[in-house]
Structures are given as C-alpha cells and as structure tokens.
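**Student:** no sequence on this one, just coordinates:
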C-alpha cells in the first residue's frame, strides 16, 4: 500500500511539473521574436513557403495562400 501511494504521488508530481500559469499581461513577452528558437527566421520562413508550395498544402504556420507558390 505504501509503494502505491509513493508511486501515485511521484506520478502526480511529474504530471504537474510542466504546467505554468501565464497571465494575460505576461503573454506579450512570450510573443516577442527574441523568445523564439530560430537562429535565422528568414530561412525558416523560406523553408515553410517552399514546403507548402511543393506539398500543395500549408497549415499551422500562420501563412495564407494555396499550394501554387504564388502568394
């Protein structure tokens, strides 16, 4: 019974370790370009555009346009 309680407590601690509360006035700091892990943002934008135009589908990147590559 003791091992079960310890295992449950350890699982609970691990499950809640990654949770963080971000207040609305703090979100502006997380949206800054300096908070991204991109070393070269221009190159990543080009690769996203290139992938979207080759695959004919573009999603989840926030860029409008179709798969023709003309936008």
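**Tutor:** Sure thing, it's come through. Note that the structure is predicted; figures quoted are calculated from it, not measured. Numbers count the residues shown, from 1 in each chain.

**Student:** got the phi and psi for residue 17?
**Tutor:** Backbone dihedrals for residue 17, given as degrees, to the nearest 10, come out at phi -70, psi -30.

**Student:** which residues touch it?
**Tutor:** By Cβ atoms under 8 Å, 6 or more residues apart in numbering, the contact set of residue 17 is empty. Heads up, the C-betas are built off the backbone N, CA and C, glycines and all.

**Student:** the chain: strands as residue ranges?
**Tutor:** Assigned by DSSP state E, the strands in the chain number zero.

**Student:** lowest-scoring secondary structure element of it by mean pLDDT?
**Tutor:** helix 41-55 (a mean of 75; mean pLDDT, DSSP states H and E).

**Student:** mind checking how far that helix is from the chain centre?
**Tutor:** 17 Å (Cα atoms, centre = their mean, to the nearest Å).

**Student:** and what of stretch 22-39?
**Tutor:** The answer for stretch 22-39 is 12 Å, by Cα atoms, centre = their mean.
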